[in-house]
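Novice: take this sequence and fold it.
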Amino acid sequence: MAPNLTADRVKETTTTTGTGTITLAGAVAQYRSFASAFADGSLVQYAIVGQTGTEWEVGNGTFTASGTTLARTTVLASSNAGSAVNFSAGTKDVFATVTADHLLNPVLTRADIDNLRLDGNTISTTNANGDINLTPNGTGQVVIKAGTAAAPSLAFAGDSNTGIFSPVGDQIYFSTGGSSTLRHIQFETQILSLGTIEWGNSNDFASIIMDTVFKRHAAGVLRTGSSTTTISSLIGGGATIASAAALPAPTGRVFHVTGTTNITSITSTNFESGVAITMIFDGVLTVTDGSNLKLAGNFVTAADSTLSLVYDGTNWYETSRSTN
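Specialist: Residues are numbered from 1 along each chain as shown. Modelled structure (predicted):
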């Protein structure tokens, strides 16, 4: 449907009766016709007022050029307790207006957003999903104010890069927008009544305060790294791994190892220096000193044994072991 419109000096009359679509009878002197101001199919904010009596109605109507009619699509207020008025015989004035509902509950269309500006920089939609691209001002910041002095703000800052902000349901979603970097996120006190800041399955920040990627690794586990694919630290408990000669890559900072297959190495694809892990063993097996494992000798586990390691980019070095 076309955007909700109004226009200056648009006023006609009608003698239509009842609650249905009205036929426009032509412009009043010194005013314009609906056809001169609106395209066919436009959703128009209207008022209908009887020249005598007490009947009146305000709403959003659909203008049709053929036959010059106005369908009373949505009645917003009326002399009939807010319902469509069953207009009686007589002449009524029909004119374009700005409804109170539109002023109090504005709905921005893509065209509306394309014409908004923030500190001299255009705010524009970027794709069919309605994402809003906020271009930083000359100081590299875009600030969204919450509306009152007591309320906090969201600030995007850093160089000349562009961040993307878009509402998704009841969430606030951030992404890096191609090759650009979201340098900094600032939350002062709280954001309205938001109780949780949530990262989804693939919603990453290329940078948070530091030049380091902060990314969801798995359910309940975050990771840092020098890129979106590398891992220099793990935060959170990982999923259980079945023992194997080449143990699969660690799933979290702490994780269980099941089975009794002896371990001679740990898969380290995409891991960088600095990763620290603790394995909790559920059964009896041997972790062999050698390959990319630098241990204080072989380690024969028992149920509930632990082995802690740190990675230097090439090898995993033992920091502690225990048999509990």
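Novice: ok, which stretches of this structure are helices?
Specialist: Assigned by DSSP state H, the chain shows helices spanning 34-37, 100-104, 110-114.
Novice: lowest mean pLDDT across those helices, which one is that?
Specialist: Lowest mean pLDDT of those: helix 110-114, a mean of 58.
Novice: number of nearby residues for the residue nearest to T62 when sequence neighbours are not counted?
Specialist: Leaving aside its sequence neighbours, T62 sits nearest to A71 (C-beta to C-beta, 6 or more residues apart in numbering; 4.4 Å). C-beta here means a position set from N, CA and C on the backbone, and glycine is covered the same way. Using other C-beta atoms under 10 Å, A71 has 15 neighbouring residues.
Novice: A71 reaches T21, doesn't it?
Specialist: Yes - at 4.5 Å, A71 counts as touching T21 under the criterion of C-beta atoms under 8 Å.
Novice: ok, V213 touching L222?
Specialist: No - at 10.4 Å, V213 does not count as touching L222 under the criterion of C-beta under 8 Å.
Novice: neighbour count: these two, which is higher?
Specialist: It is V213, of V213 and L222, that has more neighbours when counted by other C-beta under 10 Å, with 22 against 16.
Novice: state the distance from A35 to L24.
Specialist: Applying C-beta to C-beta, to the nearest Å, the value for A35 to L24 is 8 Å.
Novice: which neighbours do those two share?
Specialist: Common neighbours of A35 and L24, using C-beta atoms under 8 Å, 6 or more residues apart in numbering, are T68.
Novice: what sits against the nearest residue to A89 once chain neighbours are set aside?
Specialist: Distances taken as C-beta to C-beta, 6+ apart place T17 nearest to A89, at 5.7 Å, with adjacent residues excluded. Counting by C-beta under 8 Å, 6+ apart, T17 makes contact with N86, F87, S88, A89.
Novice: okay, the residues you listed in JSON lines with pLDDT and neighbour count next?
Specialist: Below are the contacts of T17 laid out as JSON lines (pLDDT from 0 to 100; neighbours: other C-beta atoms under 10 Å):
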{"residue": "N86", "pLDDT": "97", "neighbour count": "11"}
{"residue": "F87", "pLDDT": "97", "neighbour count": "23"}
{"residue": "S88", "pLDDT": "97", "neighbour count": "12"}
{"residue": "A89", "pLDDT": "97", "neighbour count": "8"}
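Novice: possible to save the residues you listed as JSON lines with distance to G41?
Specialist: Below are the contacts of T17 laid out as JSON lines (distance: C-beta to C-beta, whole Å):
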{"residue": "N86", "distance to G41": "26"}
{"residue": "F87", "distance to G41": "24"}
{"residue": "S88", "distance to G41": "29"}
{"residue": "A89", "distance to G41": "30"}
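Novice: just the pLDDT at S166, thanks.
Specialist: At S166, pLDDT is 38.
Novice: again but with N115, I slipped
Specialist: Looking at N115, its pLDDT reads 56.
Novice: buried set for stretch 96-108?
Specialist: A96, T97, T99, D101 (16 or more other C-beta atoms under 10 Å).
Novice: list just the nearest of those residues to A302.
Specialist: Proximity to A302 was ranked across the buried residues of stretch 96-108 by C-beta to C-beta; first place goes to D101, at 71.9 Å.
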